[in-house]
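Novice: sequence? don't have it. structure:
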């Protein structure tokens with residue numbers, strides 16, 4: 001997966017440096033969590049597990065996951081049910 005990310009980034013032409021930098025930053029969690037897998041091996045479960053990991057374990061600062069903060073409330077809400085939460089429910093609760 002890491003090699004594919006590198007190849008994809010190297011193939012970007014005609015984009016600004018700031019855009020390339022943004023792509024690199026956006027791919028960091030993907031590379032960190034899924035870097036050892038081949039692209040053909042990825043499943044929906046892998047993507048779901050990565051999102052859950054990004055919302056919980058990948059956050060190293062307790063300041064960003066406190067229940068009093070917006071991010072912390074989203075993490076708590078998404079983590080509640082094992083099957084996740086529909087986007088419509090998130091939108092409904094967004095008026096916190």
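Specialist: Received it, and whenever you're ready, just let me know what you need. This is a predicted model, so every value here is computed, not measured.

Novice: helix or strand for residue 88, which one?
Specialist: Taking DSSP states H and E as the definition, one finds residue 88 inside helix 87-93.

Novice: residue boundaries of the helices in the chain?
Specialist: Secondary structure of the chain (DSSP state H): helices at 2-10, 17-34, 44-55, 70-79, 87-93.

Novice: if I average pLDDT within each of these, which one is lowest?
Specialist: Ranked by mean pLDDT, the helices of the chain end with helix 70-79 at the bottom, a mean of 71.

Novice: centre of the chain to stretch 76-83, how far?
Specialist: Centre-to-centre, stretch 76-83 and its host chain are 15 Å apart (CA atoms, centre = their mean, to the nearest Å).

Novice: how about residues contacting that stretch?
Specialist: 52, 55-56, 67, 84-85, 90, 93 (CB atoms under 8 Å, 6 or more residues apart in numbering). Where C-beta positions appear, they are placed from N, C-alpha and C, glycine not excepted.

Novice: so how far does it reach from one end to the other?
Specialist: Terminal residues of stretch 76-83 lie 14 Å apart, using CA to CA, to the nearest Å.

Novice: check which residues of it are buried.
Specialist: residue 78 (16 or more other CB atoms under 10 Å).

Novice: next: stretch 23-30.
Specialist: 27, 30.

Novice: ok, stretch 49-56 next?
Specialist: Buried residues in stretch 49-56 (16+ other CB under 10 Å): 50, 52, 55.

Novice: pick the one among those residues closest to residue 36.
Specialist: residue 50 (12.5 Å; CB to CB).

Novice: just list the residues touching the closest one, thanks.
Specialist: 29-30, 33-34.

Novice: what sits against the closest residue to residue 19 other than its chain neighbours?
Specialist: Spatial nearest neighbour of residue 19, excluding adjacent residues (CB to CB, 6 or more residues apart in numbering): residue 12 at 7.9 Å. Neighbouring residues of residue 12 by CB under 8 Å, 6+ apart: 19-20, 23.

Novice: in CSV: these, plus distance to residue 2.
Specialist: CSV is the format used below for these (distance: CB to CB, whole Å):
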residue, distance to residue 2
19, 21
20, 17
23, 14
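
Novice: okay then, goodbye and thanks.
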